[in-house]
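Student: just a sequence and a predicted model for now, questions to come.
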Amino acid sequence: MKILITGAYGQLGNELNVLSENYPEWEFVFTDVDSLDITDEEQVKNYFDDNGFDLVINCAAYTAVDKAESDFENAQKVNALAPKFLARYSKANGAKFIHVSTDYVFAGDGHFPYEETDAVAPNGAYGRTKLEGEQNCRAENPETVIVRTAWLYSAFGNNFVKTMLRLGKEKEELGVVFDQVGSPTYAADLAQAILKIAESENFVPGIYHYSNEGVTSWYDFALAIFEISGVDCKAIPVLSENFPSPVKRPAYSVLNKAKIKETYKLEVPYWRDSLKICLKKLIK
């Protein structure tokens, strides 16, 4: 199987690169904007024409939630148009397509874990462009698997865990939001889940939710990071309003994972267990 992975320099792309060593029978092609501009339809078409792929995994995304409000055009190019082109030429070339999306397609004002069929109502430009990307994928290529995830972190790139480790060493105490809850997702676990879907004999198109098991707040997440890593910093619980933002962050981002677990027979790790694994890589 020949697999194209876009967004290779991001958290998920990097984790897929690490795991690719466990699949010597597959040929992986990793690209990012320097080797393939997925917002340029002509480039995408030519790339697919020159290289035959069996599967495409789109990890590329514009994830600067606040900046997307003032940079909507670029956010839309990466989050909505690029997936459209990738889905279109995946279908034209007979390749399966896996696209990664986000909990931000929901309003985040619920009280029960979001199911794939629940009503979408994104609050800001980031969520709207990601939802448009989902819709474009499904319109262009019905053989698409969309995986929504949330609170992604890893040993790569910029994320909450690395920020807390850095600030925790610089400050004696740190205010962290406690009125937003969700499920942290270790990108290595998500990458493994995606490869399980890739190797499944039963590739079932549709929308799926994936995050690690369990529920926590950003405040409790920070406490766990400090506790496990031995960082001597006091976390102070604060309200979201203490951090003014042009976008209303989802207060509730918990995703129901029953569908993906049942369809692809996945075992999903508990968030604290995965956090320990990630922190071991970060703290040497």
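Tutor: Structure received.
Student: now do the strands in the chain.
Tutor: 2-6, 27-31, 55-58, 96-102, 144-149, 152-153, 173-177, 181-182, 185-186, 206-209, 216-217, 234-238 (DSSP state E).
Student: could you export the ones you listed as JSON lines, including distance to Glu227?
Tutor: In short, each C-beta sits where N, CA and C put it, glycine included. As requested, those are arranged in JSON lines below (distance: least, C-beta to C-beta, whole Å):
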{"stretch": "strand 2-6", "distance to Glu227": "34"}
{"stretch": "strand 27-31", "distance to Glu227": "35"}
{"stretch": "strand 55-58", "distance to Glu227": "34"}
{"stretch": "strand 96-102", "distance to Glu227": "28"}
{"stretch": "strand 144-149", "distance to Glu227": "25"}
{"stretch": "strand 152-153", "distance to Glu227": "16"}
{"stretch": "strand 173-177", "distance to Glu227": "13"}
{"stretch": "strand 181-182", "distance to Glu227": "18"}
{"stretch": "strand 185-186", "distance to Glu227": "17"}
{"stretch": "strand 206-209", "distance to Glu227": "28"}
{"stretch": "strand 216-217", "distance to Glu227": "13"}
{"stretch": "strand 234-238", "distance to Glu227": "10"}
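Student: turn these into a markdown table, including mean neighbour count, distance to Ile277 and mean pLDDT.
Tutor: Shown next, in a markdown table, are the strands of the chain (neighbours: other C-beta atoms under 10 Å; distance: least, C-beta to C-beta, whole Å; pLDDT from 0 to 100):
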| stretch | mean neighbour count | distance to Ile277 | mean pLDDT |
| --- | --- | --- | --- |
| strand 2-6 | 22 | 22 | 98 |
| strand 27-31 | 17 | 23 | 98 |
| strand 55-58 | 26 | 22 | 98 |
| strand 96-102 | 25 | 21 | 98 |
| strand 144-149 | 24 | 17 | 98 |
| strand 152-153 | 25 | 11 | 98 |
| strand 173-177 | 18 | 22 | 97 |
| strand 181-182 | 22 | 19 | 98 |
| strand 185-186 | 26 | 7 | 98 |
| strand 206-209 | 21 | 22 | 98 |
| strand 216-217 | 18 | 17 | 98 |
| strand 234-238 | 16 | 22 | 97 |
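Student: nearest to Lys265, of those strands?
Tutor: Nearest of these to Lys265, taken as C-beta to C-beta: strand 206-209 at 12.9 Å.
Student: which other residues reach the closest one?
Tutor: By C-beta atoms under 8 Å, 6 or more residues apart in numbering, the list of residues contacting strand 206-209 from outside reads 101, 114-116, 134, 145-149, 255-257, 259-260, 263.
Student: and the residues you listed, which is closest to Pro269?
Tutor: Lys257 (11.4 Å).
Student: is that closest one in contact with Gly214, as I believe?
Tutor: No: with contact defined as C-beta atoms under 8 Å, Lys257 and Gly214 do not form a contacting pair (11.0 Å).
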